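K.L.:
Here is a sequence together with a model predicted from it:
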Amino acid sequence: MSDRVDRRLAHESVAARPHFAAAVVLGVASAAIVVAQAALLAHIISAAAIRHAGLSALGGSLVALAAVLAARALLQGGFELSGRLAATRVMAVLRDRLARHLLLERPGLRPAERTGELAAAAVQGVDSLESYFAGYLPAIVLATAVPVAVLAWIVPIDWVCALILAITVPILIAFMIIIGLGAQSRTRSRWQALSLLSSHFLDVVRGLETLRAHRRERAQAQTLARVGERYREETMSTLRLAFMSSLVLELCAMVGTALVAATIGVQLTGGHLTLDAGLTVLLLAPELYSPLRQVGQQFHASADGLAAAARLLEVLGEPGTVPSPSAPRPAGDPRVSPISLESVSHAYPGRPREVLSDVSLTIAPGELVAITGRSGAGKSTLAALLLRLADPVAGRIRCGEIDLRDVDPAAWRERIAWVPQRATLFAGSIAENIALAQPGAAPARIARAAASAGLSEIVAALPDGLETVIGEGGRQLSAGQGQRVALARAFLSDAPLVVLDEPTANLDADTAAVIAGAIERLARGRTTVLITHDLRLAARAGRIVELRDGRIVSNLAACVGAPLAVAA
Amino acid sequence: MSAATAAVIRAARLQRGEGRRLVLSIALAFGTVVAATGLLTTSGYLISRAAQRPDILELTAAITAAQAFGLARAPLRYAERLVSHDLALRILARLRAGFYAVLAPLGPGSLGEHRRGELLSRFVADVDALQDLYLRALAPPCVAALVIVSAGVAAWTALPLAALVIAGSLAVAAVAVPLVTGALAGAAGRRQAPARAALATELVEALDGGVELAVAGRGPERVQRLRALSGRLTWVARRDAVAGAAATTLSSLLTGGAVVLVLLVGIPAVHSGALAGVLLAAIVFLVMGAFEGLQPLPAAARTLRGCAQAAERLEELGSLQPAIVDPPAPVPLPATGSLALHAVAFSYDRAAPLLDSMSFEFEPGCRVAVTGPSGAGKTTLARLLVRFLDPVRGAVTLGRVDLRELAADDVRGAVVLIAQDAHVFASSIRQNLLLARHGATEEELWAALQAVQLDGFVRALPDGLDTLAGEDGKLLSGGQRQRLTIARALVSDARWLVLDEPTAHLDVDTATELMRAVDAAAGDRGLIVISHRPEGLEDFDRLALAPA
Ligand SMILES: Nc1ncnc2c1ncn2[C@@H]1O[C@H](COP(=O)(O)OP(=O)(O)OP(=O)(O)O)[C@@H](O)[C@H]1O
Ligand SMILES: Nc1ncnc2c1ncn2[C@@H]1O[C@H](COP(=O)(O)OP(=O)(O)OP(=O)(O)O)[C@@H](O)[C@H]1O
Ligand SMILES: [Mg+2]
Ligand SMILES: [Mg+2]
């Protein structure tokens, strides 16, 4: 599991290769410097301590030591910088990939995905990946380079010590791997706990007023506390393991150092070793273990980021709800070609019943078709299929001769103006909201669209008029007003196909009548699919199609009142 | 900064009660540094002494000390990390609870400019940042101070001059490194939290409205916006990286400088006999070990700044006033009587009066249909009835008691509002119903579902009542979602049910049947239905609102 994440992250981090290369070079140089520093320091101390050499005799060595220490400081800084800059690169790339994936490649979250969870993963989760790129990976470089350099230096000095060190290193690594594997699944569940907390929080904030209406707002504090407590427990159990592994690593390092020190002591008292050499080895032993311990520590520190990354990669791996054809055909033009549903069936995952069964329907260019039917009959699903937000599980939909599946979804959707059943008002001005699909539209056109949607009076009463900021954090509109803003989007559009889902649901009869007239005018010269339960509105359509339990039960010309054709 | 400092102090006080754990964690952290330094120092001495080939017995004390230090270090660090992280998580839990407690009474109106994504970011990031206040910001300076003093004392016993050099250089490093990095990081520290919040806000909106944005062809533009916001975070991270690398370089340079200085002082001292030769290594190693103890300081300075920020941002939220507050001594809820409007006037802003001098009595068991054009103030009226809003003039009373004298929870227990855009939570259908009354039995849930004609649909689902409704009910059809919220009213045991446009998304037949069934299920409870549709409301009394 972790390998896969590792490998995929490596794949995502191409942009940061130069930084990583720099980190490797600096890491190797650091290893050399570590050895030089130990040797010089040991030389100076032993000379002063044993031979009582004075400053004058040691001047050269002292200058050299100062230079080495300064070089080490610079190398350390450079090493850290390259690692962290690499991390920022990768983090930006990952965020960008996620945004593109979720907004362009497959708009709309899957049922199992929650906004809060994804937002937390994309912001906090990606940020915590810094430990991985800036901590763990560089630590691995050092953990490879430093022991090699140290051992290479010690072998000629004292092969027994070198042997001790060489034997303990693999043991240390083995421990690290064993404990690391155990910690991984726990970190994952810890990340899941945080995700749950985030999604839950977002849901609660959105439904705060509903909670309050049912006097449950305070009870939610308990739920949040419970989820929070679970997070604490998960974290502590992860941490206990992580710290335990550090403890084991440190003890191993300690035993190694102690053995080395004892060996040196014996050799020194036996006169087989100079103090200079002994001190060098003593200084180098902890330097050898230190990067290994760092790897262990950084591994745990970056575990959160890795768990978040695993989740993000999973999300990135989810294919689009509708595949884009590799060689797309140009989208059909509803202005001239009929739209035909041919034995279309649809079902949602996890729901056994078909939502649409064997629906066949042809909509002529320029026709205004009303779709009616009881709640849950499948009307909105039909609209979703027309918009190619999903592909039917059986049958096909064509515009002219061209199957929607052979067209790039974005190109097809460009030809459609859609007002969903529960439209979203985005944070921004009323004008911006109306111009959702036409960001550059002229103010006069926007005002005309607002007027067609019956908004003129309301807008006139607002101090900032069309520039009034609505949506989250902005001024609240009444439900009917909000719906008319969404409807104005369709009036602004000149798309050849218009799909309106319950456009008058929240409107009183008088307002609805005005809107109905406007919709009728809008429909002239375009193909319009009008989903509505409002019979007076439906009566304006040329044809009324009634759905029941996913099947077409009647397909009548509205005014004539006689069946034109009844699809099977 | 002074405001921020004050905020930090207040935040620190908030975390009081954990003092013992904090002292323990500082003690353990200090112990870890002592053990590490002690090990280095004694082994330096040991080896130097061993080189003089003394009798092994002379070395036993030093050997024992080295062993003790060596053995103590790892367990001390282990204990320190456990204690300190447990402390941080406890603080975190308390902060989260406190944050939500602030949020809960705030209505959409009182939340002002704060958007959900931003709140989420605060909830996760700011609260997270504050949990580190003790651990990563306040504890390291304490440990550093202890280290400086004890290193100085230890060195003093060997060579006073060296002690001055060591303590001096440690003190310089302790002050200079955080200062320099702070200056280098500059605005980055202050911008991180806002940058995160902005990104989260944009992301939440784009994800929630993703389908509509895609159909409108606005996806690419949103991606651009997200990229720009993510770019701000990248900028912050770059600055922080530069500052961090500078801190590393600087503290490493200062460590090196201190080592060289100690050598410059120590070598002549050995030469002149003022310092025993065997102690030279010990002193040098002491410097190296003590500087390790200062390592968390630059990060601590950064954390402190982050905490100050977070504390300020959280306090700002805490200072928002809920629109509705309970009276200090609420009157008990009257057991009988009507729900009545007495010359109620209301407007959201003074320029545009919405309701004016409105009087009406909703008797127990009443059946009232509230009608009026869109924007007339029907929803506003409903909000007044459950005290989501208070009238500007006049009063809403329940059993002759002004709602403002009752506990808001009591009011909402007696009058339940199913709002026009009531939220459906991402949990199961069952949980969504139980919201209205926690103790409702399975039969009661089914009865409510039957009244809104959802029983057949739910029974046919493989998971039945435990089917997830999806985020904001998106796994249900529009009408199903709406009917689920209406069913909540029937589950509740309120005396008045206020339904705001319960049939907006329903066809004529379903709407008529639903209203009949709800009427029957409501029994002797009052039913106040706001609707622009006549179906099923033929026998209701009317309350018609004029256009605003
Ligand atoms: N929080 C608010 N702040 C300012 N103005 C508001 C707020 N909520 C509603 N309004 C305005 O008050 C007026 C009445 O709104 P309300 O929601 O009560 O209307 P309504 O009768 O329920 O309309 P509809 O039938 O469309 O739901 C509208 O003009 C609306 O824009
Ligand atoms: N994303 C989804 N996942 C699973 N089931 C779904 C999903 N969306 C809709 N359904 C189910 O499919 C059926 C048809 O839903 P659809 O939204 O098409 O109905 P509708 O005719 O538009 O109804 P309404 O008039 O209530 O809006 C319903 O039973 C609904 O529960
Ligand atoms: Mg629908
Ligand atoms: Mg309303």
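P.N.:
Received the coordinates, thanks. Ligands and ions are numbered 1, 2, ... in the order given.

K.L.:
And whichever residue of the stretch 201-350 of chain A sits closest to ligand 4, how close does it get to A:N433?
P.N.:
As assessed by CB to the ion, ligand 4 sits closest to A:E209 within the stretch 201-350 of chain A, at 13.3 Å. Quick note: C-beta positions are derived from backbone N, CA and C, even for glycine. Taking CB to CB, to the nearest Å as the measure, A:E209 falls 22 Å from A:N433.

K.L.:
Quick one: the strands in the stretch 251-400 of chain A, in order.
P.N.:
With DSSP state E, counting those that start in this stretch, the ranges of strands along the stretch 251-400 of chain A come out as A:339-346, A:356-363, A:368-373, A:394-399.

K.L.:
what packs against the host helix or strand of B:L46?
P.N.:
B:L46 is part of helix B:19-50, with elements assigned from DSSP states H and E. Judged by 3 or more CB pairs under 8 Å, 6 or more residues apart in numbering or on different chains; DSSP states H and E, helix B:19-50 is in contact with helix A:17-50, helix A:219-269, helix A:275-301, helix B:56-103, helix B:139-158, helix B:277-294.

K.L.:
Dump these into CSV; add mean neighbour count and distance to B:S319 as well.
P.N.:
Formatted as CSV, the helices and strands packed on helix B:19-50 follow (neighbours: other CB atoms under 10 Å in any protein chain shown; distance: least, CB to CB, whole Å):
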stretch, mean neighbour count, distance to B:S319
helix A:17-50, 21, 43
helix A:219-269, 19, 20
helix A:275-301, 24, 35
helix B:56-103, 19, 9
helix B:139-158, 19, 29
helix B:277-294, 25, 38
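
K.L.:
now those as CSV including distance to B:A511 and mean pLDDT?
P.N.:
Shown next, in CSV, are these (distance: least, CB to CB, whole Å; pLDDT from 0 to 100):
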stretch, distance to B:A511, mean pLDDT
helix A:17-50, 63, 90
helix A:219-269, 32, 81
helix A:275-301, 58, 86
helix B:56-103, 36, 84
helix B:139-158, 64, 90
helix B:277-294, 73, 88
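
K.L.:
To ligand 1, which of the ones you listed lies closest?
P.N.:
Ligand 1 lies closest to helix B:56-103 among those, at 17.9 Å (CB to the nearest ligand atom).

K.L.:
can you tell me if the helix or strand just after that closest one touches chain A.
P.N.:
Later in the chain than helix B:56-103, the nearest helix or strand by DSSP H and E is helix B:116-121. Yes. Counting by CB under 8 Å from any CB of the partner chain, chain A has neighbours in helix B:116-121: B:116-117, B:119-121.

K.L.:
which residue packs closest to whatever residue of chain B ends up closest to ligand 2, ignoring adjacent ones?
P.N.:
In chain B, the residue that lies nearest ligand 2 is B:G479 (2.5 Å; CB to the nearest ligand atom). Excluding the flanking residues, the one nearest B:G479 by CB to CB, 6 or more residues apart in numbering or on different chains is A:S375, at 2.8 Å.

K.L.:
Say whether chain A is contacted by the helix ranked longest in chain B.
P.N.:
Secondary structure of chain B per DSSP state H: the longest helix is helix B:219-272. Yes. Against chain A, helix B:219-272 shows contacts by CB under 8 Å from any CB at B:219-223, B:226-227, B:230-231, B:233-234, B:237-238, B:240-242, B:244-246, B:248-250, B:252-253, B:255-257, B:259-260, B:263-264, B:266-268, B:270-271.

K.L.:
Show the average pLDDT along that helix.
P.N.:
Averaged over helix B:219-272, pLDDT sits at 91.

K.L.:
How far off centre is it?
P.N.:
Centre-to-centre, helix B:219-272 and its host chain are 30 Å apart (CA atoms, centre = their mean, to the nearest Å).

K.L.:
In terms of secondary structure, what does that helix contact?
P.N.:
For helix B:219-272, the elements it packs on are helix A:17-50, helix A:55-100, helix B:160-185, helix B:187-208, helix B:210-215, helix B:277-294, helix B:297-318, judged by 3+ CB pairs under 8 Å, 6+ apart.

K.L.:
Deepest in the core, which of these is it.
P.N.:
Mean neighbour count (mean count of other CB atoms under 10 Å in any protein chain shown) peaks for helix B:277-294 among these, with a mean of 25.

K.L.:
And it, how far out from the chain middle?
P.N.:
Relative to its parent chain, helix B:277-294 has a centroid offset of 44 Å by CA atoms, centre = their mean.

K.L.:
could you give the angle of it to helix B:297-318?
P.N.:
In terms of direction (axes from the mean of the first three to the mean of the last three CA atoms, to 10 degrees), helix B:277-294 departs from helix B:297-318 by 20 degrees.

K.L.:
Report how many residues lie close to the residue of the stretch 251-400 of chain A found nearest ligand 1.
P.N.:
Nearest residue of the stretch 251-400 of chain A to ligand 1: A:S375, at 19.7 Å (CB to the nearest ligand atom). Residues within reach of A:S375, counting by other CB atoms under 10 Å in any protein chain shown, total 26.

K.L.:
How about the helix or strand A:A120 falls within and chain B, any contact?
P.N.:
A:A120 belongs to helix A:115-120 when assigned by DSSP H and E. Yes. Against chain B, helix A:115-120 shows contacts by CB under 8 Å from any CB at A:115-116, A:118-120.

K.L.:
Can you flag the buried ones in those?
P.N.:
The neighbour-count test (16 or more other CB atoms under 10 Å in any protein chain shown) marks A:115-116, A:118-120 as buried among the residues of helix A:115-120 next to chain B.

K.L.:
Including pLDDT, could these go into CSV?
P.N.:
Output for these, formatted as CSV (pLDDT from 0 to 100):
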residue, pLDDT
A:T115, 87
A:G116, 86
A:L118, 88
A:A119, 87
A:A120, 85
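
K.L.:
just the strands of the stretch 251-400 of chain A: most buried one?
P.N.:
When those are compared using mean count of other CB under 10 Å, strand A:368-373 is most buried, at a mean of 24.

K.L.:
what's the average pLDDT for it?
P.N.:
Average pLDDT, strand A:368-373: 92.

K.L.:
I'm done for today, thanks for sticking with me.
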